[in-house]
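> compute the structure for the input listed below.
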Amino acid sequence: MKIGAFTFGGGWAMISIIEKEIVDKHHWLEREEFLDQLAVAQSLPGILAVNISVAVGDRLRGVKGSVCAALGTILPSFLIILAIAVFLTPDMIKNNETVSKIFKGIRPAVVALIIAPVISSAKAARIGWKTVAIPVVVALLIWSKLPVVSNPILFIVLGGVGGYLWFRKHLESTREAVRKGGEK
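Sure, this is the predicted structure:
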């Protein structure tokens, strides 16, 4: 969401809160199962926090759980944004020094709430520096705006080719292991 010059994060800001409640506090899901649900939620259209909440609500209580989880995720933010939209105009945010400072102070908290689940998910998925290097380099090249290497379609195609080659290599090594196991 964007109000004037201020931008607020979407679903990622809530993921660390959701993960702590679901995995650590209430033990409704194991961390690996939560990561699986998170992967499914990321592939669905819509707000990530709502998607993961609906998936967990469905897992725990079926359709009623999904509806309650969706409302519990959407309503607080909706009501706060509605109050901001009713009482704070973009001009008031820009021109009122106190309100402007409040919104600038919120930015680091949003960044921290976005980074925290990324780090914990990376640890749980056993992602190391070697596997982080590829997306970081790709992001920097896209950001560079250099004529050829800043095209994201190039990296999608290269990722597909790389995934295919890795899959073929993995398939061949699996077949080789089966052959060696059958010879003994």
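> in this structure, what helix or strand scores lowest on average pLDDT?
strand 6-7 (a mean of 33; mean pLDDT, DSSP states H and E).
> so how far is the lengthiest helix in the chain off the chain centroid?
Longest helix of the chain, by residue count under DSSP state H: helix 48-87. Mean-position distance between helix 48-87 and its chain equals 16 Å (CA atoms, centre = their mean, to the nearest Å).
> now do the buried residues in that helix.
48-60, 65-66, 69-70, 73, 77, 84 (16 or more other CB atoms under 10 Å). Quick note: C-beta positions are derived from backbone N, CA and C, even for glycine.
> and the helices in the protein?
Assigned by DSSP H, the chain shows helices spanning 12-19, 31-43, 48-87, 90-95, 97-124, 129-144, 152-183.
> show me what stretch 53-73 is in contact with.
14, 18, 22, 28-29, 34, 37, 40-41, 47, 49-50 (CB atoms under 8 Å, 6 or more residues apart in numbering).
> still on that earlier bit, now the helices of the chain as a markdown table including mean pLDDT?
Converted to a markdown table, the helices of the chain look like this (pLDDT from 0 to 100):
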| stretch | mean pLDDT |
| --- | --- |
| helix 12-19 | 70 |
| helix 31-43 | 87 |
| helix 48-87 | 89 |
| helix 90-95 | 81 |
| helix 97-124 | 82 |
| helix 129-144 | 82 |
| helix 152-183 | 87 |
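> deepest of the ones you listed, which one?
Stretch with highest mean neighbour count among the helices of the chain: helix 12-19 (a mean of 20; mean count of other CB atoms under 10 Å).
> what distance do you get for residue 136 to residue 42?
Relative to residue 42, residue 136 is positioned 19 Å away (CB to CB, to the nearest Å).
> ok, residue 71 next?
21 Å.
> do residue 170 as well
24 Å.
> once you drop chain neighbours, what's closest to residue 34?
residue 23 (5.1 Å; CB to CB, 6 or more residues apart in numbering).
> return the residues in contact with that neighbour.
29-31, 34.
> do residue 151 as well
residue 142.
> for residue 152, which non-adjacent residue is spatially closest?
residue 142 (5.5 Å).
> do the same with residue 138
Using CB to CB, 6+ apart, the closest residue to residue 138 is residue 155 (5.0 Å).
> repeat that for residue 132.
residue 122 (7.4 Å).
> ok, that neighbour touching residue 116?
No. Using CB atoms under 8 Å, residue 122 is not in contact with residue 116; the gap is 10.9 Å.
> that older thread, quick one: the residue nearest to residue 152 and residue 156 touch, right?
No. Contact between residue 142 and residue 156 fails when scored by CB under 8 Å: they sit 10.8 Å apart.
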